[in-house]
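Student: Everything below, folded, please.
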Amino acid sequence: PKPTTDVEAYTAYLKGRHFWQRRTRHGLEQAIEAFEQAIARDPRFAKAYSGLADAYSVMANLGYGAADTALRHAQSAAEQAVALDPDLAEAHASLGLSNLQFRNDTEAAERHFLRALELNPSYASAHQWYSGVMYVRNRMDEALHHARKTAELDPRTPIVLVNVGNLLLERGAYEEAKRYFERAIESEPSFEGAYADLAKTQAILWDWHGAQRTLREAIASNPDNASALAAQAILCLILGKGEEAAQSMQRAKSLGPTQFNVREPLARYHRYLGETDEAVAIYLEAAAEQPENPMWQMLIAFALLEGRRLEAAEHVLAEMDPALPQVFPRLRPYITYAQAILDALRGARDEALRQVREVVAGDEFLEKMSALMLVHALLGEMDTAFAYLDQAVAVHDPWLPQITIDPLATPLRSDPRYDRVLAVLGLAQSD
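Tutor: Take a look at the predicted model:
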């Protein structure tokens, strides 16, 4: 079928795609309005349904409003797009994305993404979202390949550049990741999430002044940048600025309580302060809204472990679907690592070491030295723990920025060697 013969419908569709590319709350609201105008003008305009589905999917992904409602709208619009034009690449990509987010059906998502790429090998969004499926399945080379391909096809859309940056972070390519986040900000200074990602990378590189500057500039240009405020709160905790951290997090919470890049840092903020119940409550709320996302259950287990709620943590781990490591291979090492922490806290040395060695044997887990260090520290084997901590410092282990605030690192802090490590990292002893 032809896209549409109605000029006003097509104009509204183009406006919708323009607003959608910005990935801001207001932009997505404008996109939905424009796509609905296009559909009202031509109810058989498949591309407009595809655009509407994508706008709702991104709304849900970024936490702008109720995720379950947005994802139902996305699924319905994507199915309508495919029904109207089965040979439209955009329609299959939209249905793939909604299957991935709404149903957690990676097989159906992959099938639709591959069909979209077969119909249009140059459709950037199909490459971008297919990269996400490859990431979940722990096929990291393919994930990065398709993310880079997206950036080649669409070099100025900020979320595209941020996605490449985050995959590079997962590979330990911190300097290259930093350049992609900087490009995203240059491309669209109003894209909120890129600042937090850049600051996170700067922290991994121990560039504390750079991280603070990035977040200050983000908030100065947009005082309502909730993700930058949440990131600033975590950074202030790391740097021992508790009062400033509380103010930043309160402001972030008031602006975007359901946004992923506020909700997850808010829960971590409570974890770092030892407020386990508050953290778990946030994760439970998120899990109720997104029951298809197993990440929340995994985060609940770690929060409980940090709070030394061992029986509760064991229950959460036991309740996890045994098929999860097969469906979501990226989760496998984290489930095993959580079990290693649990065993270490219980003093089950042999089992804890067996589990953590299994974790670090794989390529997908980047925090290898810090994982070994924490398990040995929790077992009370401080000489071995600090030997691994030295190795973590040597490789810029991405866990290291948490060293002053992670409850699992408490055994380190009474050891005189701890201050030496902080000096190397450029961090002062927290109060």
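
Student: Alpha carbons only: can I get the helix or strand harbouring residue 131 in PDB?
Tutor: Using DSSP states H and E, residue 131 falls within helix 124-136. Output of helix 124-136 as PDB, limited to C-alpha atoms (Å, rounded to 0.1, in the frame of the first residue of the first chain):
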ATOM      1  CA  ALA A 124      18.400   2.700  11.600                       C
ATOM      2  CA  SER A 125      15.800   2.000  14.400                       C
ATOM      3  CA  ALA A 126      15.700  -1.700  13.400                       C
ATOM      4  CA  HIS A 127      19.400  -1.900  13.900                       C
ATOM      5  CA  GLN A 128      19.200   0.000  17.200                       C
ATOM      6  CA  TRP A 129      16.600  -2.200  18.700                       C
ATOM      7  CA  TYR A 130      18.000  -5.400  17.300                       C
ATOM      8  CA  SER A 131      21.200  -4.400  19.100                       C
ATOM      9  CA  GLY A 132      19.100  -4.500  22.300                       C
ATOM     10  CA  VAL A 133      18.100  -8.100  21.700                       C
ATOM     11  CA  MET A 134      21.600  -9.100  21.100                       C
ATOM     12  CA  TYR A 135      22.700  -7.400  24.300                       C
ATOM     13  CA  VAL A 136      20.000  -9.200  26.300                       C
END
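
Student: After it, heading C-terminal, what element do we hit next?
Tutor: Criterion used, DSSP H and E; the element after helix 124-136 is helix 140-153.

Student: what helices or strands is that next one leaning on?
Tutor: helix 124-136, helix 158-170 (3 or more CB pairs under 8 Å, 6 or more residues apart in numbering; DSSP states H and E). (Glycine included, C-beta is placed from N, CA and C.)

Student: which stretches of the chain have low pLDDT?
Tutor: For the chain, residues meeting the criterion pLDDT under 70 lie at 1-2, 428-431.

Student: run the last query once more with 80
Tutor: Along the chain, the parts satisfying pLDDT under 80 run over 1-2, 65-67, 104, 290, 292, 324-327, 428-431.

Student: Just give me how far the helix holding residue 131 sits from the chain centre.
Tutor: 14 Å (CA atoms, centre = their mean, to the nearest Å).

Student: how about that helix: buried residues?
Tutor: Using 16 or more other CB atoms under 10 Å as the test for burial, helix 124-136 gives 124-136.

Student: helices or strands up against that helix?
Tutor: Using 3+ CB pairs under 8 Å, 6+ apart, helix 124-136 sits against helix 89-102, helix 106-119, helix 140-153, helix 158-170.

Student: still on that earlier bit, tell me the one of the buried residues of helix 124-136 nearest residue 413?
Tutor: Distances from residue 413 to those, taken as CB to CB, are shortest for residue 135 (34.6 Å).
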